[in-house]
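Peer 1: Here is my input; please provide its structure:
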Amino acid sequence: MEDLYVSGVSIDRDVSQISLHGINSSYSLFTLLAKAEISVDIIVQTPGTVSITMSKQDSEAAFALIQANKEILGYESLTHNPSLAKLTIVGAGMAASPGVAAAFFEVLHENDINVILVSTSEIKISVLIDEHKAETAMQVVHDKFAGLMI
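Peer 2: The predicted structure is shown next:
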């Protein structure tokens, strides 16, 4: 595993998630949020479900706005998790280094840290976890990759 190029680990404790299940149009959701000047961080869409993350402060307003516009948005159910953290590993060499994701998810599993949502790019992997596990997650992931960071 000496070729796993991870240059940093970060934790963001100011994260909330809202998920709309059975939604008809994500276009309507994002238009509504934009008009209210609510910024969205992560977007994950699967057939019939849209999950979004944002700051805790924005999530209260977003949740109320979404509830008030249920008819327009056409969703069946709505969930809100205001107590999350986003753990991210980043590194320019990750895309060309098989095993980075495996090592990342292995150390989380070994430490009973449940992954709620995953977002990736060529240079980073971010996961949402329970906020109360943030410190532990940051430490064990840092320890896992410390000797491999460039």
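Peer 1: now the helices: where do they sit in this structure?
Peer 2: Secondary structure of the chain (DSSP state H): helices located at 26-35, 56-68, 70-73, 100-110, 134-145.
Peer 1: angle of the longest one against helix 26-35?
Peer 2: Translated: helix 56-68. When axes from the mean of the first three to the mean of the last three CA atoms, to 10 degrees is applied, the directions of helix 56-68 and helix 26-35 differ by 130 degrees.
Peer 1: What are the contacting residues of helix 56-68?
Peer 2: 14-18, 20, 29, 32-33, 36, 38-39, 52, 54, 73, 75, 78, 80, 82 (CB atoms under 8 Å, 6 or more residues apart in numbering). Using the backbone N, CA and C atoms, a C-beta is placed for each residue, glycine as well.
Peer 1: how does it look with 7 Å?
Peer 2: 14, 16, 18, 20, 32-33, 36, 38-39, 54, 73, 78, 80, 82 (CB atoms under 7 Å, 6 or more residues apart in numbering).
Peer 1: Can you tell me which of these comes closest to residue 90?
Peer 2: Residue 90 lies nearest to residue 14 out of these, by CB to CB, at 18.2 Å.
Peer 1: Look up how far residue 97 lies from the closest one.
Peer 2: According to CB to CB, to the nearest Å, residue 14 stands 30 Å off from residue 97.
Peer 1: Name the residue closest to the centre of this protein, please.
Peer 2: residue 128 (4.2 Å; CA atoms, centre = their mean).
Peer 1: sorry, back to before: let me have the contacts of helix 56-68 in CSV, extended by distance to residue 116 and pLDDT.
Peer 2: Supplementary listing: these in CSV, determined by distance: CB to CB, whole Å; pLDDT from 0 to 100:
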residue, distance to residue 116, pLDDT
14, 16, 95
16, 12, 97
18, 13, 98
20, 16, 98
32, 24, 96
33, 21, 97
36, 25, 97
38, 21, 97
39, 20, 96
54, 15, 97
73, 22, 94
78, 16, 97
80, 13, 97
82, 13, 94
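Peer 1: Buried ones among those?
Peer 2: Among these, those classed as buried by neighbour count (16 or more other CB atoms under 10 Å) are 16, 18, 20, 32-33, 38, 54, 73, 78.
Peer 1: so which two of those residues are the farthest from each other?
Peer 2: Pairwise distances across these peak at 18.0 Å for 16 and 73 (criterion: CB to CB).
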